[in-house]
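Enquirer: quick one, what's the 3D model for this:
(one chain, ligands or ions: 1)
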Amino acid sequence: MSVANNKPTRVAWLHGPAARCETVPKGQFLPWRVILLGAPGVGKGTQADLLDQRLLACHLSTGDVFRAAATRSDDEQTPAMKEALAYMRRGELVPDSTVWDMVRERGECLHCAGGFILDGFPRTLAQAVSLKQFLDKDELGLTAVVSYELPASQIVARLGGRRTCEKCKAVYHITERPSKVEGGCDRCDGKLFLREDDRPESIKVRLEAYERSTAPLIEFYAKAGLLVQVSAAGTPEEIYDRTLPELETRRLSLFAERMWVVEENRRDT
Ligand code: AP5
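Expert: Residues are numbered from 1 along each chain as shown. Here you go, the predicted model:
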């Protein structure tokens with residue numbers, strides 16, 4: 001994975017395993033493996049962007065993979081991808097089988113020595129079960145699942161003002177987080193665009209899909225003892241400051257558990 005400004009560029013994730021990352025981050029003892037849950041527009045991508053600089057784990061967003069595919073020519077898009085993009089434009093969820101095929105194809109990213117921050121996946125119980133089986137098979141334990149919470153009226157305001165960089169995918173907001181030059185990205189020379197699914201008719205469909213299909217994951221991960229609930233009110237920095245200590249506390253207890261097992265094994269030999 002090549003790193004610019006200390007940020008992984010996510011090449012293998014965005015473009016598939018044929019486009020391999022140039023360098024792999026240094027392996028960590030207990031790499032961060034985090035899932036971000038929350039309604040569309042709550043700020044998951046913004047938080048992932050802040051967290052990956054600190055945790056040095058790769059920000060893996062399924063929405064970004066679909067948007068990267070949308071920029072390819074018609075000939076380069078598979079029928080499954082064309083179908084997925086049509087669902088996305090309407091604000092509907094892409095079918096589980098298409099999403100899981102795409103994630104499984106990028107399974108190496110879930111094994112990455114630097115860990116991962118999953119954003120937008122899993123989004124249904126079926127996806128969560130597939131992911132669990134995949135991770136359990138190779139003993140890739142999750143650090144935590146963060147659920148961001150915010151009233152719907154604030155979420156709609158965040159989505160309506162969002163602008164995204166076509167090149168590096170950096171996210172801005174026309175009033176809350178404007179770029180320095182209107183319409184241009186501060187990090188690269190990319191142009192900012194309004195996502196097709198940020199139009200009012202798609203926003204409504206997305207919020208309904210979240211309530212119906214994704215909100216039940218909160219209970220799924222609470223039962224697994226992995227859930228951390230964080231208010232998404234306030235500035236991105238305030239939300240980050242609430243998130244990081246929660247994650248560090250969880251990792252510390254995982255670290256203590258792991259050391260206890262090591263010590264037990266040492267005594268037994
Ligand atoms: P995806 O790209 O995952 O979109 P999403 O989950 O709908 O989430 P968003 O990216 O819209 O919002 P966010 O929470 O990341 O908020 P952000 O940080 O950008 O998915 C898109 C589509 O792809 C889906 O609808 C579906 O069709 C398909 N898809 C993807 N994964 C799928 C899956 N697993 N299964 C099935 N289908 C799938 O912030 C939003 C705005 O608010 C920005 O402008 C930001 O600058 C601003 N902002 C952020 N934080 C704050 C703050 N604290 N204060 C003020 N403004 C803020």
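Enquirer: for the ligand, give me its nearest residue in this structure.
Expert: When scored by CB to the nearest ligand atom, the chain has residue 63 as its residue closest to the ligand, at 1.8 Å. In short, each C-beta sits where N, CA and C put it, glycine included.
Enquirer: any idea which element that residue lies in?
Expert: Using DSSP states H and E, residue 63 falls within helix 62-70.
Enquirer: which strands or helices does that helix pack on?
Expert: Taking 3 or more CB pairs under 8 Å, 6 or more residues apart in numbering; DSSP states H and E as contact, the helices and strands that helix 62-70 lies on are helix 11-15, helix 79-90, helix 96-105.
Enquirer: on that earlier part again, count of neighbours near the nearest residue to the residue of the chain closest to the ligand once chain neighbours are set aside?
Expert: In this structure, residue 63 finds its nearest non-sequential neighbour in residue 120, 4.7 Å apart by CB to CB, 6 or more residues apart in numbering. For residue 120, the tally of surrounding residues (other CB atoms under 10 Å) stands at 22.
Enquirer: and residue 120, what does it touch?
Expert: Taking CB atoms under 8 Å, 6 or more residues apart in numbering as the definition of contact, the neighbours of residue 120 are 44, 61, 62, 63.
Enquirer: closest to residue 37 out of those?
Expert: The shortest approach to residue 37 among the contacts of residue 120 belongs to residue 44, at 7.7 Å (CB to CB).
Enquirer: do you know how far residue 18 is from residue 75?
Expert: Computed as CB to CB, to the nearest Å, the residue 18 to residue 75 distance reads 16 Å.
Enquirer: quick check: bridge partners of the residue nearest the centre of the chain?
Expert: Within the chain, the residue whose C-alpha comes closest to the C-alpha centroid is residue 119; the distance, by CA atoms, centre = their mean, is 1.5 Å. When bridges are called by DSSP bridges, residue 119 pairs up with residue 36, residue 61.
Enquirer: just to revisit the earlier point, do you know the pLDDT at the residue of the chain closest to the ligand?
Expert: Looking at residue 63, its pLDDT is 93.
Enquirer: got it, and the one 4 residues further on?
Expert: On pLDDT, residue 67 comes in at 89.
Enquirer: how about it, what does it touch?
Expert: Listed by CB under 8 Å, 6+ apart, the contact partners of residue 67 are 164, 169, 195.
Enquirer: ok, back up a step: dump the helices and strands packed on helix 62-70 into TSV; add mean neighbour count as well.
Expert: Compiled in TSV, those are given as follows (neighbours: other CB atoms under 10 Å):
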stretch	mean neighbour count
helix 11-15	19
helix 79-90	15
helix 96-105	17
